[in-house]
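Participant: for reference, the sequence and a predicted model appear below.
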Amino acid sequence: MRNYKQVAVVVRDVYSAMDKWSSLLGIGPWDVRHFTQDTMQGFTYMGELVTEPFDFICAVTWVGEVEMELIQPIAGPNIYWKHLEENGEGLHHIKDVMPDDEIPDVVKHFEDAGCRVTQTGWIDNDVHYYFDTKDALGMVYEIGNGGKIGPPEEVYPAPTSA
């Protein structure tokens, strides 16, 4: 049973994108976090543990039962740079959320189908795995546990006082 909970878009400027999504679609406010070597554990890219500094911004907000995510790469290796180079801004992935004990079998299923894990890591209690499904699906496919993460570094736009 699939449990799609996230649609993600890669952008060049996350603040400009948040402004556009807010003004055109009325979506927001956004929880903004930097994913770096200080906030993410076990971060791998193309099967290798990333040991150099990295940074990408993730801005998320809920629209009904689906989390919208805007991602801007800043530094270091990650799959978002490749997406921008090859496709420009736009749809990057959808995320299927499942219990931790189901993840190993799903990873095996995708790897057996020839879809390798391209990136993975933990932030607080949330784990993610991206699969190379671009040729098969026209986008990346992500699975994860949807675990709880700490408060955002920023809410954008900032809440106004009444």
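Facilitator: Looks like it arrived, so ask away.

Participant: quick check: which element contains E86?
Facilitator: Using DSSP states H and E, E86 falls within helix 79-87.

Participant: distance from the chain centre to the next helix or strand after that helix, please.
Facilitator: Once the chain leaves helix 79-87, the next helix or strand it forms, by DSSP H and E, is strand 90-97. Centre-to-centre, strand 90-97 and its host chain are 7 Å apart (CA atoms, centre = their mean, to the nearest Å).

Participant: quick revisit: and the helix holding E86, how far out from the chain middle?
Facilitator: 13 Å.

Participant: list the helices and strands that helix packs on?
Facilitator: strand 4-10, strand 66-75 (3 or more CB pairs under 8 Å, 6 or more residues apart in numbering; DSSP states H and E). C-betas here are computed from N, CA, C, even on glycine.

Participant: wait, doesn't N3 sit right on K95?
Facilitator: No. Using CB atoms under 8 Å, N3 is not in contact with K95, being 9.1 Å away.

Participant: more neighbours, these two?
Facilitator: Set side by side, N3 and K95 show more neighbours around K95, with 23 against 12, by other CB atoms under 10 Å.
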